[in-house]
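# what would the 3D arrangement of this be:
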Amino acid sequence: MTALLRTTSLLVLSSLLLLASACQPRQAPIGVSNTLPAPDVVTRTNTPALTDFTDEAPSISALDTATATSSENNLTAMGGFTMVSQKGVGKATAISLRHDQTKLAIATAAGAVQIFSYPDMGLDVTLQEPIPNRIRALSWSPDGNAFAFGTDSGNVIVWDATEEKVISRTPQHSDYVLGIEWTSDSQRFATFDEDAVAIWTAAGDLVQVLDDVESVTDIAWSPDGSQLVSVTYDNIATVWDITTAQIAAQYTGLEDVSMQRVMWLPAANQIAIVSSTLWLPDLSPLQLWDIQTNSIVGSWGDTKESITDIGWDTKTQSIVVFGNKIYLLEPQTLAAREQKSYTQPLNGPIQLIPQTMLATYIDVSMSEALVVNIDTGQPTVSKFTGFDEVNALAWAHSGTQLYIGGNAATIGRISTKNSDSIEYLAWAPHPVKALAAYQDERVAIVGDQGLISVIEPKTQQATAFLEDTSEWFSDVEWAPNGSMIAVTATDGQLFVWDWPALTLRYQVEAPAGFVTDVSWSADSSQLAVTGWENVVSIWNAETGEQVGQLPKFTHYGPTTVAWSPVDQLTIAVGSYGGLTIVDAFSQAALHQLRGIGDSEIITSLAWSPNGKFLAAGTDSEPLRIWETTNWELVELSEAPTQVLALHWTKDSQTLAAGTDTGQVWIFNQRP
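Model prediction:
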C-alpha cells in the first residue's frame, strides 16, 4: 500500500472512530479517574481526529473552522496585560576599570552599563539602552572623563563622566561592535566590526571610516595616535595613516593562521601580534613585526601555550602575555623575565591597567566580571551581574517571591512583585536548568549536571537530595497535589520521587530521546513527556507505565508541553512552527494557533492556574498570551522577545517571563 493510500485509510478510519465515540459519554484517558466534572474552558464540538502523521503534518484545512481558530492579529478588545517591571541587566559581557582605579564599568548582554565605585563596588549609575542589545565593547578614556561602548545593533555611545550623561549615540556599524580603543591622549577613539574601522572624536563625532578591511579581529593605536593597526582573521596586519586614511604598511602571514590580538609597543616601529597556530605546530603564537623593514624580528611560545591576550606593563617595561600562566617578556629579545600563576584561567579579552598590576576580564564560564591582581593571581573584585539567559522561573506559592534560574551557578530572587532589584543567592557549581514551586513556599531546583535541591522557605538554603554526575537533567515539575516530584534527564530518563519522603518511586526511559519537558495533569495522575524524537508520551504517574502517545502535529517535533491546570484532557504542545491544543484522550487537535510563524520555535508554555490564559514564548518573536475561551490574542502593553521561561502567580493575575538576554519581565492583568 502506498503512503498516500495508507494515510487516507487512516484518516477515514479515525474519522469513523471519532464519530462513533461522539455518541458515547466522554471518557478519561487510561489510568485517569472518570469522576471529574466536564470542563467548560474548552469546547469539544465538531472535533476531528488526527492520525499519527509520521511522514506528513496535517494541514489547517483538516480541522473544523469553528475549532481551528486563527489568532493572528486578533486582539481582545477588553482586558489585557500591562508590563509593570523589567528586571535584570543580564550577563556581564564587557568590563573596563578607569585608570585612576576609582570606577569600574561593566556592560551586559541586555544592553546595560553599570558603573560601580572601586573597590567597594557600590553601584553609582546604571545606563540602559532603549532596546535591550548585547554590549561586547566598552572602554574608559585614559583621562577618565568619558567612556565609549558599542552594541550588537551597531550603535556607538559616548558617556560623559563629568556630566554623567550620554552625549552621543550613533548607529554607525552594520554589525556587532567588537572592540574600542582610545588614543593615549584621550582625544580620539576607534571602534570596529568585522568589516570596518571607525575613527571618532572624544565627543562622539565621526571622523572617518576605514572600510577596506575584512574579518577584523583587533586594533591598536600607535603611541603618538597618528597611526592605527588592524589585524584580521585572514592573517593580514595593516597599518593605517589616520591623516590620509592610506595604508602605511601591511604584512601578510602564512596560510592557515588567524591573527587574534595586536598591541603597538612603545618602540614606534614594532607591533606584537598574537595568532592562532593550531594547524602550524612549528609556528610561535606571538610574533614581533617591524613595520620599517616589514619583517618578523622575534617570536615566542609554542602551540602548547594558549595566549588569550597581551598587554604592556609600564612599571616593568615588559610585554605581558596572558596564557596558561602570566609571562613578563623583555620587549627586544622576548625572553621571559618572570612568570606568574593564577587561580583560574583568564579567558579574556583582558585589559591591563597602566602603572598597576591589575587586569580586568570576564569569566565566561562563571558569568562573572573580575579584576585580578597579577602579582598574586587572585581577584580583587568579583561581580556577578546577572544571567546570560533566564531559563527557569518559579513564583513561590504566596506570590511574594520569584525565583530565577539561568546558566550560572546561582539563583536570583525577587522578594516582591514590585522590587527594584534581584538578589542573587549562592547555590551550587552547576547552572540551573529548571525550577518548580510547591504549596508551602518550597522551590525545587535542577542543575544541568546531576544535582537536585529544594529551597527551604525559612532558611532560604538549598538542600540537595540527589547528586548524580552521570545524569544531565533538563526539567523538574512538582505534582499539583504536592505528593510527587518529576524530573527528566537528557538521556531520556523520567524520575518520579515521593514527597516529602524523597524516595524514588520509579525511573523509566521515555521514547522522546533527548527529553526537554515534562508536565503533570490537573489531578496529578498523569505525566506528559516530550523531547527531540517527535514524541509526546503519556504516563501513569502512580505506576510509571506508559499509557498513551500523541500524534505529531507539525513537520518537526514538539519542543515543550503543558497540561491544562483545570482540564485533565487538554494539553498544549509547542513545536517548530506550531502550537497545538490537543485532547489527550481522543488525540485530536482542538486548535492549531496560526499566530506562530513557520520558522519560530516554541521555547516555553504556561497556562494560568485558572485556565483562562495560555502564554507562549518563542526563539525569535514577542511573547504571546491567548484567552482560552475564544483563543484570541490578549493585548500586551509591551512584549519581550526570545522568551525562554514563563510562570504565573497562583491567582493568575501576574505573569513572569525570562529572556535569553538575562532579563525578567513581569506583567499584571488589567481589570
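
# tell me the SS of residue 293?
Recorded secondary structure, residue 293: coil (DSSP: H, G, I helix; E, B strand; the rest coil).

# and for residue 197?
strand.

# mind listing what the residue nearest to it when sequence neighbours are not counted touches?
Computed as C-beta to C-beta, 6 or more residues apart in numbering, the closest residue to residue 197 that is not its neighbour in sequence is residue 210, at 4.3 Å. Backbone N, C-alpha and C define where each C-beta goes, glycine included. By C-beta atoms under 8 Å, 6 or more residues apart in numbering, the contact list for residue 210 reads 196, 197, 198, 199, 228, 230, 240, 245.

# now do 10 Å
190, 192, 196-199, 216, 219, 228, 230, 238, 240, 242, 245-247 (C-beta atoms under 10 Å, 6 or more residues apart in numbering).

# ok, it to residue 162 distance?
Separation of residue 210 from residue 162 (C-beta to C-beta, to the nearest Å): 30 Å.

# likewise residue 253?
Going from residue 253 to residue 162 by C-beta to C-beta gives 43 Å.

# one more: residue 398?
Counting by C-beta to C-beta, the gap from residue 398 to residue 162 is 46 Å.

# likewise for residue 609?
For residue 609, the distance to residue 162 - C-beta to C-beta - is 52 Å.

# that older thread, and residue 253 and residue 162? Which one has more around it.
Between residue 253 and residue 162, counted using other C-beta atoms under 10 Å, residue 253 has the larger neighbour count: 22 against 8.

# what sits closest to the more buried one if chain neighbours are left out?
Distances taken as C-beta to C-beta, 6+ apart put residue 235 closest to residue 253, at 4.1 Å, once the chain neighbours are dropped.

# could you pull up the residues touching the spatially closest residue to residue 112 that is not a sequence neighbour?
Spatial nearest neighbour of residue 112, excluding adjacent residues (C-beta to C-beta, 6+ apart): residue 89 at 3.8 Å. Applying C-beta under 10 Å, 6+ apart to residue 89 gives the contacts 106-114, 126-128, 132, 385-387, 421-422, 661-663.

# let's go with 6 Å and repeat that
Residue 89 sits next to 108, 110, 112, 385, 386 when contact means C-beta atoms under 6 Å, 6 or more residues apart in numbering.

# now, those residues that are in strands?
108, 112 (DSSP state E).

# neighbour count, pLDDT and distance to residue 458 added to the contacts of residue 89, as CSV?
Listed next are these as CSV, based on neighbours: other C-beta atoms under 10 Å; pLDDT from 0 to 100; distance: C-beta to C-beta, whole Å:
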residue, neighbour count, pLDDT, distance to residue 458
108, 30, 88, 33
110, 26, 84, 32
112, 25, 90, 33
385, 27, 81, 29
386, 29, 83, 26
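
# now the contacts of residue 89 as TSV including distance to residue 184?
Output for those, formatted as TSV (distance: C-beta to C-beta, whole Å):
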residue	distance to residue 184
108	28
110	32
112	29
385	29
386	33
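
# now, which of the contacts of residue 89 sits nearest residue 639?
residue 110 (15.5 Å; C-beta to C-beta).

# quick one: mean pLDDT for stretch 502-510?
Mean pLDDT, stretch 502-510: 91.

# check which residues of that stretch are buried.
By neighbour count with 16 or more other C-beta atoms under 10 Å, stretch 502-510 contains the buried residues 505, 508, 510.

# how about residue 114: which residues does it bridge to?
In this entry, residue 114 is beta-bridged to residue 106, residue 126, by DSSP bridges.

# what's residue 410 sitting at in phi/psi?
When read as degrees, to the nearest 10, the backbone of residue 410 gives phi -160, psi 170.
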